[in-house]
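# quick one, structure for this:
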Amino acid sequence: MSFIEVDFTSALLHAWQGELDFGQLINYANELQANGETPLAAVLYQTWLRRNQSPHNHLVCFNLGTVLFNLGDFPGAKEIYVQAIQLAPLFVQPRFNLGLTYERLGQVEDAIVEWRWIDDNVGPNIAEYRQILLLALNNLGRILETRKQYAGALDYLARSLAINPNQPDVIHHWVYLREKQCAWPIYGPISGINSELMRQSTSALAMLSLSDDPEQQLTAARNYVKNKINSNVPKLAPVKAYGHQKIRIGYCSSDFCLHPVAMLTAELFELHDRKNFEIYGYCWTQQGHSPLRQRIIDAMDYFERIDTISDEVAARLIREQEIDILVDLQGQTLGARANLMAYRPAPIQITYLGLPATTGLPSIDYVISDRFLIPEEYAHYYSEKPLYMPDVYQVSDRRRQCASIPSRENCHLPVEGFVFCSFNNSHKYTPEVFSIWMNILRRVPGSVLWLLADNPWVEINLINEAKTCGIDPNRLIFASRVEPEHYLARFAVADLFLDSFPFNAGTTANDALWMGLPVLTRSGRSFASRMAGSLLTAAGLPELITYNLRDYEDKAVALAQSPESCLQLREHLQNIRNSGVLFDTPRFVDNLERHFKRLIAELS
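This is a model prediction of the structure:
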């Protein structure tokens with residue numbers, strides 16, 4: 001007969017009477033938790049603390065705090081962790097846990113205070129506390145990264161790696177932080193970490209800016225799956241189709257907000273044929289409300305918030321709603337819930353737009369593509385089967401709003417001279433392409449390069465790179481972030497968009513072409529390096545696709561020296577906007593639905 005059946009009341013009574021020693025208390029509480037009676041362990045700890053005074057009270061407070069945290073009682077956990085620290089101010093463990101509790105309560109500044117206390121008071125040479133110090137440094141890096149305080153985040157992670165270099169997750173974030181700041185070379189030196197470990201630890205997303213090799217990207221994706229995905233979970237969906245009168249399509253994402261994926265897909269959701277399809281949205285978005293978000297919610301027949309439930313519970317919900325085709329719009333990007341897909345809640349699972357590369361996920365069957373984006377000779381580098389669209393892989397939103405076109409002066413641009421621009425996120429910039437951009441400026445007197453001011457460290461680093469290349473840094477113009485309609489209007493002011501490589505513009509290239517701005521790209525072998533080329537192919541502008549940096553540079557210079565050519569390109573894009581396939585969203589939706597119908601028919 002177990003302790004729970006015969007001894008809990010007796011243990012509680014002894015705790016009340018002060019007759020239960022510390023060792024017995026811990027043993028009883030551990031047995032309760034091992035048998036799934038965690039609330040009873042909390043009651044036992046609380047009773048003991050009220051009726052006993054001993055040198056171990058701070059340890060009991062710590063244990064109780066952990067129990068309450070695991071039960072989701074974050075206010076209670078906070079109170080008892082504070083009590084533990086009051087009893088033993090140098091007790092390190094509750095300070096770290098208190099930081100986690102503050103974060104769960106939304107009190108992030110208080111969390112930072114606790115973790116910084118550990119950083120200030122715990123030395124790396126104290127073996128007992130080394131792991132807690134590492135966790136504190138890593139959490140500080142994580143929080144500062146989410147706040148775009150990249151330099152501080154990088155510093156914390158570098159110090160963590162100096163203590164223990166063998167932290168693949170930390171290396172992954174360290175690499176991505178360097179990309180975001182244009183801190184070149186990206187694989188900078190850290191003692192104890194060789195270049196191979198850095199490459200093995202690089203995330204699938206960060207690898208897009210570092211390599212045009214689709215095999216390397218597949219390896220990075222599979223490393224993620226190996227290290228992060230629990231494949232040993234029950235598969236929920238049936239093998240055969242459900243046989244619904246209307247095919248049920250589910251779209252899942254954390255980016256149903258002011259995000260490039262949402263900006264592209266809003267009209268797709270609106271235009272689905274409701275006679276033959278029902279559209280479900282599964283959302284774990286953390287951002288606040290916006291007109292775009294409301295538009296997406298209104299476009300769904302059913303919209304489910306799944307941010308407060310586990311991957312398994314979310315997967316079972318999708319299975320209960322008998323979704324025929326589940327489209328993941330996330331991939332291995334920030335906020336991904338790839339473990340949800342591992343449960344296979346739908347018979348057919350597709351990846352689209354979120355990650356411009358293979359996901360490596362065995363639970364994903366197809367990737368929406370076109371034959372320029374993923375040529376058939378490269379298809380074996382993808383864990384998914386390409387679902388080829390006849391015109392272009394990327395959907396467009398014809399309802400996007402544009403503000404009044406600003407003047408050059410309002411954009412802090414010179415009144416005269418050719419304006420090159422590249423409004424890609426800074427993590428897409430590479431030293432090789434930036435060097436070409438500086439060559440272009442050198443060869444086109446009076447020209448400027450208009451860039452996105454993603455963060456202050458990018459500006460500093462790029463200005464220094466320009467000086468190293470012998471280019472006046474005043475020829476770099478940095479634009480601050482603005483609302484989408486004002487951002488869109490900027491494209492009408494520039495003369496030529498210079499694409500990045502190997503990570504092309506995606507939504508940004510779509511916006512530029514929509515606004516009639518020619519985009520010059522360099523295409524390679526990988527998905528990410530062929531996105532802009534796919535759009536230009538659909539736009540009937542193959543002359544703006546180059547395949548090496550020398551041709552890319554020469555083409556940019558030639559266009560800058562031929563204003564009439566740029567004008568002709570703008571006129572062509574205006575015609576494409578009105579009558580071409582690139583922005584024909586009803587045609588895109590119809591073609592996609594044909595694929596969906598065929599896939600369901602093949603399962604029946």
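# quick one: the most centrally placed residue in the chain and D255, what's the gap?
With distances taken as Cα atoms, centre = their mean, the residue of the chain nearest its centroid is L334 (2.0 Å). Relative to D255, L334 is positioned 9 Å away (Cβ to Cβ, to the nearest Å). Backbone N, C-alpha and C define where each C-beta goes, glycine included.
# tell me how many other residues crowd R598.
If you count neighbours by other Cβ atoms under 10 Å, R598 ends up with 10.
# I should have written L144 there, sorry.
Using other Cβ under 10 Å, L144 has 20 other residues around it.
# does it touch N138 like I think?
No: L144 lies out of contact with N138 (Cβ atoms under 8 Å); the separation is 11.0 Å.
# so what sits opposite I368 in the bridge?
L387 (DSSP bridges).
# so what's it up against?
Contact analysis of I368 by Cβ atoms under 8 Å, 6 or more residues apart in numbering lists I350, T351, Y352, L353, L387, M389, Y393, L592.
# returning to what we had before: for L144 and N138, list the residues in contact with both.
With Cβ under 8 Å, 6+ apart, L144 and N138 have common neighbours Y156.
# thinking again about what came up before, and the residue nearest to the centre of the chain, how far from L87?
To L87, L334 is 39 Å away according to Cβ to Cβ.
# now for this structure, the helix or strand with the poorest mean pLDDT.
helix 3-6 (a mean of 50; mean pLDDT, DSSP states H and E).
# got the contact list for L353?
Contacts of L353 by Cβ under 8 Å, 6+ apart are V261, L264, T265, L329, I368, Q394, G506.
# recalculate using a threshold of 7 Å.
Going by Cβ atoms under 7 Å, 6 or more residues apart in numbering, L353 touches V261, L264, T265, L329.
# I'd like the residues you listed as TSV, with distance to S201, secondary structure and neighbour count appended.
Listed next are the contacts of L353 as TSV, based on distance: Cβ to Cβ, whole Å; DSSP: H, G, I helix; E, B strand; the rest coil; neighbours: other Cβ atoms under 10 Å:
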residue	distance to S201	secondary structure	neighbour count
V261	26	helix	22
L264	31	helix	22
T265	32	helix	25
L329	26	coil	24
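# out of those, who's nearest A206?
Among the contacts of L353, V261 lies closest to A206 (Cβ to Cβ), at 18.5 Å.
# all strands for the stretch 351-500 of the chain, in order.
366-369, 385-388, 419-422, 448-452, 476-479, 496-498 (DSSP state E, counting those that start in this stretch).
# indicate which one of those is closest to S310.
Closest among the strands of the stretch 351-500 of the chain, using Cβ to Cβ: strand 366-369, at 26.0 Å.
# helix or strand right after the one helix or strand I576 maps to?
According to DSSP states H and E, I576 maps onto helix 563-579. For helix 563-579, the succeeding helix or strand toward the C-terminus, using DSSP H and E, is helix 585-603.
# flag every buried residue along that next one.
T585, F588, V589, N591, L592, E593, H595, F596, L599, I600 (16 or more other Cβ atoms under 10 Å).
# on that earlier part again, could you point out the helix or strand that follows the least confident helix or strand of the chain?
Heading C-terminal from helix 3-6, the first helix or strand you meet, by DSSP H and E, is helix 8-16.
# pull the distance from that next one to the chain's centre.
Centroid displacement of helix 8-16 relative to its chain, using Cα atoms, centre = their mean, to the nearest Å, is 50 Å.
# likewise for stretch 497-517?
For stretch 497-517 - counting by Cα atoms, centre = their mean - the centre lies 20 Å from the chain centre.
# for it, give the mean pLDDT please.
Stretch 497-517 carries an average pLDDT of 98.
# can you check stretch 340-358 too?
Averaged across stretch 340-358, the pLDDT comes to 96.
# just stretch 202-211 next, same as before
Across stretch 202-211, pLDDT averages out at 91.
# what comes into contact with that stretch?
Contact with stretch 202-211 is made by 172, 175-176, 179, 186, 216-217, 220-221, 224, 332-333, 355-357, 427-428, 430, 502-503, 528, as judged by Cβ under 7 Å, 6+ apart.
# quick one on the thing from earlier: tell me which two of the contacts of L353 sit farthest apart.
L264 and L329 (9.5 Å).
# where do the helices sit along the stretch 351-500 of the chain?
431-443, 456-468, 484-490 (DSSP state H, counting those that start in this stretch).
# next one: the stretch 1-150 of the chain
3-6, 8-16, 22-34, 38-51, 57-70, 74-87, 92-104, 108-121, 130-146, 150-163.
# which other helices and strands contact the longest one?
Meaning helix 130-146. Packing partners of helix 130-146 (3 or more Cβ pairs under 7 Å, 6 or more residues apart in numbering; DSSP states H and E): helix 92-104, helix 108-121, helix 150-163, helix 168-181.
# need the contact partners of stretch 468-477.
By Cβ under 7 Å, 6+ apart, stretch 468-477 touches 412-413, 435, 438, 441-442, 448-451, 462-463, 466-467.
# which one among the residues you listed gets closest to D7?
L462 (68.5 Å).
# residues near the closest residue to L71 other than its chain neighbours, how many?
Counting by Cβ to Cβ, 6 or more residues apart in numbering, the nearest residue to L71 once its immediate chain neighbours are dropped is T38, at 6.1 Å. A count of nearby residues for T38, using other Cβ under 10 Å, gives 15.
# check contacts around T38.
So T38 contacts L32, V67, N70, L71 (Cβ under 7 Å, 6+ apart).
# correct me if wrong: A492 contacts D511.
No: applying Cβ atoms under 7 Å as the test, A492 and D511 come out as separate, 10.8 Å apart.
# the two: who's more crowded?
Between A492 and D511, counted using other Cβ under 10 Å, the more crowded position is D511 (26 against 15).
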